[in-house]
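1. what follows is a predicted protein model with its sequence.
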Amino acid sequence: MTCKLLVVDDDEMIRQFLRTAAQGLGFEVSTASSAETFRTIFNEQQPDIVLLDLIMPGTDGVELLNYLAAMHCTVPVVLMSGLEGGAIRAAIRLGEAHGLRIVGGLEKPFDMSTLKETLGEFRQERMELSQSNLTEALENDEFRLHYQPQVHAESGQPRGFEALLRWEHPDYGLLLPAYFLSLAEESGFITSLTRWVVRQSAAQLVQWCPAELGLTMSINLSIHDLHSPNFPEWMDQAVRAEGASPHDFVLEVTEREASDDPERVLEVLTRLRLKGFQLSIDDFGTGYSSLSMVQRAPFNELKVDKSFVLESEHDSDADVIVRMVVNMGHTMGLRVVAEGVENERALRRMREVGVDIIQGYHTGRPMPASSCAQWLNMAFAGKQTARPAEQTARPAEQIARPAEQTA
Ligand code: C2E
Ligand code: MG
Ligand code: MG
């Protein structure tokens, strides 16, 4: 599965960097330093993706976009520019208006992880995954859990972890849920995955955390799990079999799809709660009927969707939404978690608006089980809040995108 990448940039150093980096990600790379070479290579080699600098001597990105549009180019295009974000956004809109597939914008200077993320997104399209691949992956023990820390907003002390599913694919590398979750949901295979996640995370919690620390494990459920009347009983037995208690678990529910049987979902949630599991409504603000769900089901916690947290810095509407959700949650007696807290400023803002629990790259990226004990030691020693920047740099999840594994 070789992908041909064409890089167009007049800067020799940038071309070199992109060539080496993209080759490392498994791309076959050609470079062009002028509009003319670009046109020749584009026609001769028919690349699968184009990385285009907006500013070039003698021409500009807009002219090249016009050329691609005239050629009825259907391959994805990523724009790059040393100008601040507004210029890239305008060029993206222009390219889209021309009918081009602009899949990303890179503001220079960008780092390796941003590049990986952008190209990784693209490679997803070229993967062919099927239901039988998922079944085999479970049999072959290819699924992994990464754990992302949550901390108390005020004290910075650890609250627990959220278990996040990954697939260590033999060809594509470590895949994020976005690459396979909808397939698992559509086929109903997700219920087998949930069971695997529950057993695995319960065993892990018992291994890391003496019960007196009171740390929690959050896991994500699917709507399919909540349609099964036996699920609460199974959950209870499964976590106890590993030596954990239902009270240690926070079960996160998202209403991505509307349920065709809301009464049954409500019943299963209520029975889980009665067995001692904590319930959390995830991605709040993006789902179908979040409000009615919060009102009817016995939730303990509400997670403000990360899109609002990420945008609240620049967008006053998003900021208002975060404040409203926090107030609403507290009025209803719920704990409020902010996810997507990426930096110190966001952490300060979330504290200021009264969020109870913080989750995000700033306090810790999702990491393999082997790194969690070390994170906990540092966090309990108070180092994690004092020097948060070091946390995001530790060997956690720099390997999140499929392209990263293909080196
Ligand atoms: P989620 O439950 O809302 O999980 C949080 C997602 O936000 C994770 O993405 C996490 O890596 C990402 N994240 C955390 N902090 C930050 C941050 O500061 N900035 C940004 N930009 N992102 C951050 P991930 O691991 O890709 O998971 C995506 C979604 O897949 C999850 O969203 C959850 O809905 C679903 N998922 C993950 N594991 C499972 C699972 O075991 N079962 C089910 N049913 N769904 C799962
Ligand atoms: Mg979640
Ligand atoms: Mg979420």
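-> Everything's here; your move. Please read all numbers here as calculations on a predicted model, not as lab measurements. Ligands and ions are numbered 1, 2, ... in the order given.
2. how many residues are close by the residue in the stretch 201-350 of the chain that ligand 1 sits nearest to?
-> Ligand 1 sits closest to Asn220 of the stretch 201-350 of the chain, with a gap of 3.6 Å, by CB to the nearest ligand atom. (Each C-beta comes from the backbone N, C-alpha and C, glycine too.) For Asn220, the count of nearby residues is 21 (other CB atoms under 10 Å).
3. how about it, secondary structure?
-> Recorded secondary structure, Asn220: strand (DSSP: H, G, I helix; E, B strand; the rest coil).
4. quick one, what contacts it?
-> Taking CB atoms under 8 Å, 6 or more residues apart in numbering, we find Asn220 in contact with Glu162, Ala163, Leu164, Leu165, Val197, Glu252, Thr254, Asp282.
5. dump those residues into TSV; add distance to Ser182 and pLDDT as well.
-> Below are the contacts of Asn220 laid out as TSV (distance: CB to CB, whole Å; pLDDT from 0 to 100):
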residue	distance to Ser182	pLDDT
Glu162	20	98
Ala163	19	98
Leu164	16	97
Leu165	13	96
Val197	17	98
Glu252	17	96
Thr254	13	85
Asp282	16	92
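6. for Tyr172, state which of these is nearest.
-> Using CB to CB, Leu165 is the member of these that lies nearest Tyr172, at 15.1 Å.
7. where does that closest one land in three-state SS?
-> Under three-state DSSP, Leu165 comes out as strand.
8. so how far is Pro177 from it?
-> Remark: distance between Leu165 and Pro177 (CB to CB, to the nearest Å) = 5 Å.
9. ok, these two, which is more surrounded?
-> Leu165 (24 against 14).
10. does the more buried one touch Gln200 like I think?
-> No. Using CB atoms under 8 Å, Leu165 makes no contact with Gln200, being 9.6 Å away.
11. need the residues touching each of these two.
-> Common neighbours of Leu165 and Gln200, using CB under 8 Å, 6+ apart, are Leu145.
12. quick one: low-confidence residue ranges for the stretch 51-200 of the chain.
-> 85, 121-127 (pLDDT under 70).
13. kindly report the same for the stretch 301-407 of the chain.
-> Within the stretch 301-407 of the chain, the segments meeting pLDDT under 70 span 383-407.
14. try 50
-> Within the stretch 301-407 of the chain, the stretches with pLDDT under 50 are 385-407.
15. near ligand 2, which residues of this protein show up?
-> By CB under 5 Å from the ion, the residues of the chain that approach ligand 2 are Asn220, Glu252, Asp282.
16. circling back: look up how far Glu84 lies from the residue of the stretch 201-350 of the chain closest to ligand 1.
-> 36 Å.
17. kindly report the same for Leu193.
-> For Leu193, the distance to Glu84 - CB to CB - is 42 Å.
18. neighbour count: those two, which is higher?
-> Leu193 (23 against 9).
19. mind listing what that one touches?
-> Residues near Leu193 by CB under 8 Å, 6+ apart: Leu134, Leu138, Phe143, Leu165, Ala184.
20. hang on, Trp208 packs against Asn377?
-> No. Using CB under 8 Å, Trp208 is not in contact with Asn377; the gap is 10.4 Å.
21. neighbour-wise, which of these two wins?
-> Taking neighbours as other CB under 10 Å, Trp208 and Asn377 compare with Trp208 leading, 17 against 11.
22. need the contact list for the more buried one.
-> Contacts of Trp208 by CB under 8 Å, 6+ apart are Leu215, Ala369, Cys372, Ala373, Leu376.
23. tell me which element the third one is part of?
-> Secondary-structure element containing Cys372, defined by DSSP states H and E: helix 369-380.
24. so which bits of the stretch 51-200 of the chain are right by ligand 1?
-> Contact residues, the stretch 51-200 of the chain versus ligand 1 (CB under 6 Å from any ligand atom): Gln148, Leu164, Leu165, Leu176, Pro177, Ala178, Leu181, Ile190, Val197.
25. hmm, which two among the residues you listed are most spread apart?
-> Across those (CB to CB), the longest gap, 19.9 Å, separates Gln148 and Ile190.
26. residues in contact with Val268?
-> Taking CB under 8 Å, 6+ apart, we find Val268 in contact with Asp225, Leu226, His227, Ser228, Pro229, Phe231, Pro232.
27. just the buried residues of these.
-> The neighbour-count test (16 or more other CB atoms under 10 Å) marks Asp225, Leu226, His227, Phe231, Pro232 as buried among the contacts of Val268.
28. quick check: closest non-adjacent residue to the last one.
-> If I follow you right, that is Pro232. Leaving aside its sequence neighbours, Pro232 sits nearest to Arg271 (CB to CB, 6 or more residues apart in numbering; 4.0 Å).
29. buried residues in the helix or strand where the one you found lies?
-> Using DSSP H and E, Arg271 sits in helix 262-274. Neighbour counts over helix 262-274 (16+ other CB under 10 Å) mark Pro262, Val265, Leu266, Val268, Leu269, Arg271, Leu272, Arg273 as buried.
30. can you tell me which of the residues of the stretch 51-200 of the chain next to ligand 1 are in strands?
-> Residues of these located in strands (DSSP state E): Gln148, Leu164, Leu165.
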